[in-house]
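Engineer: below is the sequence, then the predicted model.
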Amino acid sequence: MITALRSVAFALAFYPGSLMFVLAALAVSGIAPIRVQHIATRWGRFHRWCAHWLLGQRVRIDGDIPQGPYLYIVKHESMFETIDMLCLFDRPVVAAKRELFDIPLWGGIAERYGLLPVERGGGASAMRALRAGARAAHAQGRALCIFPEGTRVPHGEAPPLRSGFAGLYALLKLPVVPIAIDSGRVSPRGSFFKRSGIITYKAGEIVPAGLDRDEAERRVHAAINALNSLPNI
């Protein structure tokens with residue numbers, strides 16, 4: 001019962017509140033586009049506030065997440081981390097599935113903010129567009145965050161990395177910071193109900209640039225799944 005009440009309270013606060021942030025971003029996007037990024041940062045903090053105070057979810061970071069010219073590869077278990085990247089990094093550029101850009105109002109703001117659209121099954125042209133966007137993000141000095149599994153996966157599962165990671169790793173020639181997260185333990189994929197608990201980020205050992213594909217993927221895959229052994233709650 002408490003979980004249901006918390007989840008309803010979160011939905012009633014977060015989604016109408018998000019609409020206000022979207023409208024604010026629309027109002028300034030044509031005048032001062034940089035303000036869209038600042039509004040997005042505030043939205044990310046609002047999301048974490050709602051998760052903390054309404055859902056009872058706290059964030060813990062295990063290890064240091066370095067800031068700098070890195071490619072950040074993040075485990076993907078729930079909606080939580082897609083928004084919380086705005087709290088971990090300064091105006092990060094996040095790769096997101098192309099369908100999200102078709103959401104009325106939100107999609108236009110996502111494009112102005114600088115999210116990278118990922119078109120599943122888009123072939124070589126989609127990869128070229130992703131690489132161009134990644135290069136632009138790097139040139140602006142913004143953190144680049146990729147969810148290499150391509151979609152949310154239930155906690156404990158470890159699917160192989162999509163090919164996009166290897167392409168960006170070879171193109172950008174940046175060291176990689178792999179980050180594990182166990183958000184699916186408290187916010188299961190596809191469920192309206194979100195439980196209280198601790199969401200842990202675990203920063204893995206930095207993967208240097210220039211490794212061969214198999215070795216880079218092996219290290220990243222192991223690091224982002226480092227929290228999988230924890231039991232569900």
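Structural biologist: Looks like it came in fine.

Engineer: ok, now which ones touch the nearest residue to Lys75 once chain neighbours are set aside?
Structural biologist: Nearest non-adjacent residue to Lys75, counting by C-beta to C-beta, 6 or more residues apart in numbering: Ile224, 4.2 Å away. For every residue, glycine as well, the C-beta is placed using N, CA and C. Neighbouring residues of Ile224 by C-beta atoms under 8 Å, 6 or more residues apart in numbering: Ile73, Val74, Lys75, Pro148, Pro178, Ile179, Ala180, Gly204.

Engineer: name the next helix or strand downstream of the helix or strand harbouring Cys145, please.
Structural biologist: Assigned by DSSP states H and E, Cys145 falls within strand 144-146. Following strand 144-146 in sequence order, the next helix or strand is helix 163-172 (DSSP H and E).

Engineer: what pairs with Ile199 across the strands?
Structural biologist: Val59 (DSSP bridges).

Engineer: how close does Asp182 get to Leu105?
Structural biologist: 32 Å (C-beta to C-beta, to the nearest Å).

Engineer: the two: which is more packed in?
Structural biologist: Asp182 (25 against 12; other C-beta atoms under 10 Å).

Engineer: doesn't His155 make contact with that one?
Structural biologist: Yes. Counting by C-beta atoms under 8 Å, Asp182 does reach His155; the two are 6.1 Å apart.

Engineer: between the two, which contacts overlap?
Structural biologist: Common neighbours of Asp182 and His155 (C-beta under 8 Å, 6+ apart) are Glu77, Asn228.

Engineer: find the centremost residue of this structure, please.
Structural biologist: Thr82 (3.1 Å; C-alpha atoms, centre = their mean).

Engineer: separation between it and Leu100?
Structural biologist: From Thr82 to Leu100 the distance is 9 Å (C-beta to C-beta).

Engineer: ok, now Glu217?
Structural biologist: Taking C-beta to C-beta, one finds Glu217 at 26 Å from Leu100.

Engineer: what sits against Thr151?
Structural biologist: Neighbours of Thr151 in contact, by C-beta under 8 Å, 6+ apart: His76, Lys97.

Engineer: and the longest helix for this structure?
Structural biologist: helix 2-29 (DSSP state H).

Engineer: off-centre distance for that one?
Structural biologist: 18 Å (C-alpha atoms, centre = their mean, to the nearest Å).

Engineer: next SSE downstream of it?
Structural biologist: Next along the chain after helix 2-29, taking DSSP H and E as the criterion, comes helix 34-53.

Engineer: and for Asp90, the neighbour number?
Structural biologist: Residues near Asp90, counting by other C-beta under 10 Å: 11.

Engineer: confirm that it sits in a helix.
Structural biologist: No. Using DSSP: H, G, I helix; E, B strand; the rest coil, the secondary structure at Asp90 is coil, not a helix.

Engineer: got the contact list for the closest residue to Leu171 other than its chain neighbours?
Structural biologist: In this structure, Leu171 finds its nearest non-sequential neighbour in Arg131, 5.2 Å apart by C-beta to C-beta, 6+ apart. By C-beta under 8 Å, 6+ apart, the contact list for Arg131 reads Gly167, Leu168, Leu171.

Engineer: next, the buried residues of the worst-scoring helix or strand of the chain on mean pLDDT.
Structural biologist: Ranked by mean pLDDT, DSSP states H and E, the weakest helix or strand in the chain is helix 123-139, scoring a mean of 76. Using 16 or more other C-beta atoms under 10 Å as the test for burial, helix 123-139 gives Ala126, Met127, Ala129, Leu130, Arg131, Gly133, Ala134, Ala137, His138.
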